[in-house]
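> coords please:
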Amino acid sequence: MKRYERPMLGFLPREEILAIIGKPGSSWTSQRDHLLLHMLYNTGARVSEIIGVRLADVVLDGAACVHLHGKGRKQRTMPLWRSTVKAVRAWLRFNPNLLPASALLPNRDGHAMTRTNVAQRLALAVATATSAMPSLRDRHISPHTIRHTTAMHLLQSGEPIDGIALWLGHESPTTTHQYTEANLAMKEKALARLQDPDTASRRFRASDSLLEFLKGL
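Numbers count the residues shown, from 1 in each chain. Sure thing, here's the model as predicted:
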């Protein structure tokens, strides 16, 4: 295999991603962008998958979910949070004329959003969130960063690697293993199991009860 440097995966803490998603405004664009970012974080979908979602792909009754069409025509079904379902219902009230074959997240012309369009809307959301979250300033945050964020939050919550691979639609868990390498919290937990070299070694001192037991042998 060709050798090349793998960059560290970037992801956002929970408070930063929530600041970016923000609260929906009253305008059509604000409602759409809020749902777009909400669904990206909920599902961990690729941009191509989220902009390809049609109204018929969303199930809101019973076990709410969305059907994603991924690479190589592979499909997977992702469950939706109650908050995501609420955002979808609010969006549909804004767009009562959407047909089952219509793009769930259209542009002003009624066509599916493009990758460039999604990146631009995310950049605006990040700029807006920066006032409340200065740590976002001067950082490059792409739609794929949200996908990494979902995966990392699943890992930190205790989800195993093979489960995250299925969630993201990875063909090989090797790809998903990158998230373990980037998880500093897990590394710090592992480091805590090692003794600091500056820590003075302590001499074992047996308790009185143990000494009495040994004398009786």
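> Any figure for the gap between the residue nearest to residue 67 when sequence neighbours are not counted and residue 19?
Nearest non-adjacent residue to residue 67, counting by C-beta to C-beta, 6 or more residues apart in numbering: residue 57, 4.3 Å away. In this view, the C-beta of every residue, glycine as well, is placed from N, C-alpha and C. Going from residue 57 to residue 19 by C-beta to C-beta, to the nearest Å gives 28 Å.
> pLDDT wise, what is residue 168 at?
Looking at residue 168, its pLDDT reads 85.
> Secondary structure element holding the closest residue to residue 40 other than its chain neighbours?
Counting by C-beta to C-beta, 6+ apart, the nearest residue to residue 40 once its immediate chain neighbours are dropped is residue 146, at 4.6 Å. According to DSSP states H and E, residue 146 maps onto helix 143-156.
> what pLDDT does residue 201 get?
Reading off the model, residue 201 has pLDDT 56.
> Helices of this protein, start to end?
14-21, 28-43, 47-51, 82-94, 115-130, 143-156, 161-168, 173-182, 184-191, 208-215 (DSSP state H).
> and those as CSV, adding mean neighbour count and distance to residue 76?
Output for these, formatted as CSV (neighbours: other C-beta atoms under 10 Å; distance: least, C-beta to C-beta, whole Å):
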stretch, mean neighbour count, distance to residue 76
helix 14-21, 18, 22
helix 28-43, 21, 9
helix 47-51, 21, 9
helix 82-94, 15, 16
helix 115-130, 16, 20
helix 143-156, 20, 14
helix 161-168, 17, 8
helix 173-182, 15, 14
helix 184-191, 10, 26
helix 208-215, 9, 58
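> quick one: contacts for the nearest residue to residue 154 once chain neighbours are set aside?
Of all residues not flanking residue 154 in the chain, residue 164 sits nearest, at 5.1 Å (C-beta to C-beta, 6+ apart). Counting by C-beta atoms under 8 Å, 6 or more residues apart in numbering, residue 164 makes contact with 151, 154, 155, 176, 179.
> what's the pLDDT at the nearest residue to the fourth one once chain neighbours are set aside?
Spelled out, it's residue 176. Leaving aside its sequence neighbours, residue 176 sits nearest to residue 165 (C-beta to C-beta, 6+ apart; 4.2 Å). Per-residue pLDDT puts residue 165 at 84.
> What count of nearby residues applies to residue 98?
Using other C-beta atoms under 10 Å, residue 98 has 16 other residues around it.
> Over to the one 10 residues further on?
Burial measure for residue 108: 8 neighbouring residues, criterion other C-beta under 10 Å.
> Just want the phi and psi numbers for it.
Torsion angles at residue 108 (phi, psi; degrees, to the nearest 10) stand at phi -60, psi -20.
> centroid residue for the protein?
residue 150 (1.2 Å; C-alpha atoms, centre = their mean).
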